[in-house]
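> Any chance you could fold what I've pasted below:
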Amino acid sequence: QLQLVESGGGLVQPGESLRLSCAASGLTSDYYAIGWFRQAPGKEREGVSCISNADLTGGYANSVKGRFTISNDDAKNTVYLQMNSLKPEDTAVYYCALIRGRYYDCSIQAHWYDFWGQGTQVTVSS
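As a prediction, this is how the structure comes out:
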């Protein structure tokens, strides 16, 4: 059974950094794409970043471009989201999602993904 587990969230001050992890277990496919999404209270879910392990070129929302970096460790079936220069508006529950298959592109549209993690809270506040 495929499972996604996010970790690395926490409380930080503006300008600080966090690294989120999304670990996939129970994978039966060598290839997949993973996306990161976030949802703040009272707001719609927003796509943040994505990566395909067939391509490794990450995609980013404009709101995080230049501050966030996505990367993949195939040996661990884990995707990381390095978040630098965090702002209060980055505060949200962050979710990772996965789609199995060999893709040379990825999407930050939620409907593209089949499996979702439970989320990890990120709070940016002074």
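
> The chain: strands as residue ranges?
Assigned by DSSP state E, the chain shows strands spanning 3-7, 10-12, 18-25, 32-39, 46-52, 59-60, 68-73, 78-83, 92-100, 115-116, 120-124.

> out of those, which comes closest to Q109?
strand 46-52 (6.3 Å; CB to CB). The way it works is simple: take the backbone N, C-alpha and C, and place the C-beta from them, glycine included.

> give the contact list for the closest residue to Y80 other than its chain neighbours.
Counting by CB to CB, 6 or more residues apart in numbering, S71 is the residue found nearest to Y80 once chain neighbours are left out, at 5.0 Å. S71 sits next to 51, 58, 79-80, 82 when contact means CB atoms under 8 Å, 6 or more residues apart in numbering.

> can you tell me how far S71 sits from W36?
Applying CB to CB, to the nearest Å, the value for S71 to W36 is 12 Å.

> so what's in contact with these two at the same time?
Joint contacts of S71 and W36 (CB under 8 Å, 6+ apart) are V79.

> how close does the residue most central in space within the chain sit to Q118?
Nearest to the mean C-alpha position of the chain, by CA atoms, centre = their mean, lies W36 at 2.5 Å. W36 sits 14 Å away from Q118, going by CB to CB.

> so what sits against both of those two?
Shared contacts of W36 and Q118, counting by CB under 8 Å, 6+ apart, come down to Y95.

> coming back round to it: I figured the residue nearest to the centre of the chain hits I70, correct?
Yes. Applying CB atoms under 8 Å as the test, W36 and I70 come out as touching, 6.9 Å apart.

> Which neighbours do these two have in common?
49-50, 79, 81.

> List just the nearest of those residues to K43.
S49 (17.4 Å).

> so how far is T28 from the closest one?
Counting by CB to CB, the gap from S49 to T28 is 25 Å.
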